[in-house]
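>>> Any chance you could fold what I've pasted below:
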Amino acid sequence: MAALRRLVVLGSTGSIGRATLEVAEALGDVAIVGLAARARHHLLLEQVRRWRPQAVAVEDPLAASRLQADLPEGVSLRVGPEASTELAAMPDADLVLVAIVGAAGLRPTLAALEAGRDVALANKETLVAGGPLVRTVCERSGARLIPVDSEHSAIYQCLLGQDRTAIRRLILTASGGPFLRRPLTQLADVTVQEALAHPVWNMGPKVTIDSATLMNKGLEVIEAHWLFGVAPEQIEVVIHPQSVIHSMVEFVDGSVIAQAARPDMRGPIQFALTGPHRRPGLVQPVEWGRLTLTFEQPEPERFPALGLARDALRRGGTAPAVLNAANEVAVGRFLEGAIRFPEIAEVVRVVLGRHQTQPAATLEAVRAADAWARAEAALVSRVAR
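The predicted model follows:
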């Protein structure tokens with residue numbers, strides 16, 4: 001049987017990468033031609049033995065040295081910080097799934113698009129930090145950007161066959177995370193373990209903390225702006241704790257189209273591989289008779305990160321890259337136990353307030369803003385308490 005897709009998976013050992021390989025296994029006609037990971041060489045080796053890709057990329061040299069001796073014959077190894085970028089442009093792929101965490105996903109995404117490869121994007125930060133660059137490269141190369149985030153996949157599906165000039169609003173749904181009902185006065189006492197206990201989704205630690213602060217939804221607002229070409233004021237966020245409606249599109253005639261499914265990332269991953277066609281998959285059907293769906297507005301006092309993201313989008317230029325980089329550092333500091341939960345947003349607010357916005361016209365400008373924000377956030381987070 002001919003391969004439906006010749007797929008490169010960047011970030012194959014993370015939660016999205018593992019789910020992607022599970023979907024590929026179930027579909028049965030996907031060829032995995034490249035796998036990339038940062039350092040988890042044992043799991044990567046298992047994946048390589050199963051899929052026999054042409055090439056493997058490992059960022060960490062020590063992990064690569066441990067992997068190299070056991071690689072099957074015919075599998076080439078690329079090592080170092082640019083290894084994933086090299087793999088993204090390999091000629092034998094027609095789709096590159098980018099599931100690398102954080103702003104590190106920007107460079108491989110640009111490389112894949114420049115090479116004319118379609119990109120299935122499971123990385124919010126790429127468009128947050130480099131939205132103008134990514135759009136420019138897409139227009140130049142003709143490569144497609146296919147969203148994998150459940151919210152953006154939902155909008156992508158809702159817009160199939162629709163007149164985009166008839167959009168009134170995009171409505172992103174958010175679970176509200178584990179502290180939706182926690183008294184505001186108690187948020188300073190939140191532990192890392194509590195913040196990582198998401199009530200609905202099973203995700204990596206960085207994304208899980210972003211969901212608790214609602215920064216993930218702020219990043220998604222910025223991402224939706226670049227993905228779908230709508231104005232920031234046309235993008236709204238509502239809290240939907242059940243996470244069954246993944247997002248909605250409201251049109252100028254008052255009609256609303258929503259995409260609904262069980263909260264399972266294998267659904268949007270499969271659609272990225274097979275869309276616009278639909279095939280039997282791993283996601284179980286919704287039991288509608290057992291559900292009560294609720295929606296509410298996010299409280300600004302509870303979720304200040306959402307307002308910070310909107311401010312960064314309004315400022316434009318390098319401000320979103322600074323927002324993202326400062327947040328990555330602040331989340332890392334919280335996970336280390338160095339700052340309290342509410343101080344994540346406070347670190348971002350201070351760093352964003354100190355930034356002199358520049359045009360995000362080149363990759364170098366974005367990377368410079370990213371580096372400045374990381375250094376500034378590290379400094380601010382050391383004195384946050």
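>>> Tell me how many other residues crowd Leu27.
Per other CB atoms under 10 Å, the neighbour tally for Leu27 reads 18. C-beta: built from backbone N, CA, C; applies to glycine.
>>> got the contact list for it?
Listed by CB atoms under 8 Å, 6 or more residues apart in numbering, the contact partners of Leu27 are 4, 270, 273-274, 279, 281.
>>> mind running it again at 10 Å?
Residues in contact with Leu27, defined by CB atoms under 10 Å, 6 or more residues apart in numbering, are 3-5, 270, 273-274, 279-282.
>>> Need the nearest residue in space to Ser76, chain neighbours excluded.
Among residues not flanking Ser76 along the chain, Ala55 sits closest, at 4.6 Å (CB to CB, 6 or more residues apart in numbering).
>>> That neighbour and Ala83 touch, don't they?
Yes: counting by CB atoms under 10 Å, a contact exists between Ala55 and Ala83, whose distance comes to 9.2 Å.
>>> quick one: which of those two has more around it?
More neighbours surround Ala83 than the other of Ala55 and Ala83, with 24 against 21 (other CB under 10 Å).
>>> Phi and psi next, for the residue nearest to Ile100 when sequence neighbours are not counted.
Of all residues not flanking Ile100 in the chain, Gly11 sits nearest, at 4.3 Å (CB to CB, 6+ apart). Dihedral pair for Gly11: phi 90, psi 40, per degrees, to the nearest 10.
>>> Need the per-residue pLDDT for Gly11.
What the model reports for Gly11 is a pLDDT of 96.
>>> Asn202 too?
Reported pLDDT at Asn202 in the predicted model: 69.
>>> can you check His41 too?
What the model reports as pLDDT for His41 is 86.
>>> residue contacts, it?
By CB under 10 Å, 6+ apart, the contact set of His41 is 13, 48, 56, 58, 60, 62-68, 70.
>>> how does it look with 7 Å?
Applying CB atoms under 7 Å, 6 or more residues apart in numbering, one finds that His41 lies in contact with 58, 63, 66-67.
>>> Among those, which one lies nearest to Leu133?
Val58 (26.0 Å; CB to CB).
>>> Measure how buried the nearest residue to the closest one once chain neighbours are set aside is and give me the count.
Counting by CB to CB, 6+ apart, Val58 lies nearest to Ala64, which is 4.0 Å off, once chain neighbours are set aside. The criterion is other CB under 10 Å. On that basis, Ala64 has 22 neighbouring residues.
>>> hang on, Ala64 in a helix?
Yes: remark: Ala64 belongs to a helix, assigned using DSSP: H, G, I helix; E, B strand; the rest coil.
>>> helix or strand for the residue in the chain sticking out farthest from the centre, which one?
With distances taken from the mean C-alpha point of the chain and given as CA atoms, centre = their mean, the most distant residue is Glu73, at 33.4 Å. Glu73 belongs to no helix or strand when assigned by DSSP states H and E.
>>> Can you give me the distance of it to Asp60?
Using CB to CB, to the nearest Å, Glu73 is found at 23 Å from Asp60.
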